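1. Structure for this input, please:
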Amino acid sequence: MTVIEKRIHTDGEPYYFNTETQEKYGESVGAFAWPETEEGFLVVAAVDFFETIELEPRHIRVLAKSSGSGIGVFLKRALELQKHFSPLMKTIRFYGDTTSSTRMAFLDQFNKDRREERLDPFYLTEAPQLRSPGKLEFYGELIKRYARPGKGILHFHDTALPAYLRGLPSDKITKHVLEHPPVAALGYALAVLSSWRPRRGGKRPEDQESTSIST
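-> Residues are numbered from 1 along each chain as shown. The predicted structure is shown next:
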């Protein structure tokens, strides 16, 4: 089973270790896009701890994805995915849209019910720039920058998501980025991970099972 463990580097800096691939990450996150007219979408992604390519400093890896409808069932799926990668639930924090009072009221009730049953609640952290007037441009440009064919800095362990991205017209990514749950979830993850500054001088381990957007 893949587990992401928090460890300490020899210089005292924390990092995240993938027990299956042996990759080292500087940060790992989950991203949550609510189900509406389309199925909701979840991703778990991470940014490399070491980097050697000067011009492309942030290689990001989408480690897992899941989709589904029905908010209650979908929230439980997010908890399952969170616990799968982080059994003690101290590594993977999920980011998403917290701006809807209706959705957050549902989440509050969901968590209240789980606490009454002595079960773990699900916490959702607001994704960067969600309350900014320029949020669509922010997420659209971020996704296009990372997912541009030939760029080779966004990698997937599952080929379904890059195929979905390639099938979307450019204007939909720019103008309607948050209306498509797979794109929104990826955007939330990129918004967090792209701000992490990688270390220099280490080797980035190759993952033979991952798939780059450029393939």
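2. For the residue nearest to residue 34 when sequence neighbours are not counted, list the residues it contacts.
-> Distances taken as CB to CB, 6 or more residues apart in numbering put residue 40 closest to residue 34, at 5.5 Å, once the chain neighbours are dropped. (Each C-beta comes from the backbone N, C-alpha and C, glycine too.) Residue 40 makes contact with 32-34, 67-69, 71, 74, 181, according to CB atoms under 8 Å, 6 or more residues apart in numbering.
3. How about residue 77?
-> Contact analysis of residue 77 by CB under 8 Å, 6+ apart lists 42, 66, 68.
4. Dump these to CSV, plus secondary structure.
-> Shown next, in CSV, are these (DSSP: H, G, I helix; E, B strand; the rest coil):
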residue, secondary structure
42, strand
66, strand
68, strand
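5. Can you name the residues bridging to residue 93?
-> Counting by DSSP bridges, residue 93 forms beta bridges with residue 29.
6. ok, it touching residue 29?
-> Yes - in this structure residue 93 lies within contact range of residue 29 using CB atoms under 8 Å: 5.9 Å.
7. So for the two, which sits in the more crowded spot?
-> The residue with more neighbours, out of residue 93 and residue 29, is residue 29; 24 against 17, by other CB atoms under 10 Å.
8. Can you list the low-confidence ranges for this structure?
-> Scanning the chain with the threshold set as pLDDT under 70 gives 1, 51-57, 88-90, 150, 158-159, 169-174, 197-215.
9. So for it, which residue is the most central one in space?
-> With the centre of the chain defined as its mean C-alpha position, the nearest residue by CA atoms, centre = their mean is residue 189, 3.6 Å away.
10. How much space separates that residue from residue 106?
-> 22 Å (CB to CB, to the nearest Å).
11. Most neighbours among the contacts of residue 77, which one is it?
-> Most neighbours among these, by other CB under 10 Å: residue 42, with 25 neighbours.
12. residues contacting that one?
-> 30-33, 64-67, 74, 77-78, 81, 94, 185.
13. can you rerun that using 6 Å?
-> 32, 66, 78, 81 (CB atoms under 6 Å, 6 or more residues apart in numbering).
14. Over to residue 5?
-> Counting by CB under 6 Å, 6+ apart, residue 5 makes contact with residue 17.
15. Name the SS class of it, please.
-> Three-state call for residue 5 (three-state DSSP): strand.
16. and the helix or strand hosting residue 105, C-alpha only, in PDB?
-> Per DSSP states H and E: residue 105 is located in helix 101-116. Below are the C-alpha coordinates for helix 101-116, written out as PDB (Å, rounded to 0.1, in the frame of the first residue of the first chain):
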ATOM      1  CA  SER A 101     -22.500  28.600   2.700                       C
ATOM      2  CA  THR A 102     -24.800  25.700   1.500                       C
ATOM      3  CA  ARG A 103     -21.900  23.300   0.800                       C
ATOM      4  CA  MET A 104     -20.200  24.200   4.100                       C
ATOM      5  CA  ALA A 105     -23.400  23.800   6.100                       C
ATOM      6  CA  PHE A 106     -23.600  20.300   4.600                       C
ATOM      7  CA  LEU A 107     -20.000  19.600   5.500                       C
ATOM      8  CA  ASP A 108     -20.600  20.800   9.000                       C
ATOM      9  CA  GLN A 109     -23.600  18.500   9.400                       C
ATOM     10  CA  PHE A 110     -21.600  15.600   7.900                       C
ATOM     11  CA  ASN A 111     -18.800  16.100  10.400                       C
ATOM     12  CA  LYS A 112     -21.200  16.500  13.300                       C
ATOM     13  CA  ASP A 113     -22.800  13.200  12.400                       C
ATOM     14  CA  ARG A 114     -19.400  11.500  12.200                       C
ATOM     15  CA  ARG A 115     -18.300  12.900  15.600                       C
ATOM     16  CA  GLU A 116     -21.500  11.500  17.200                       C
END
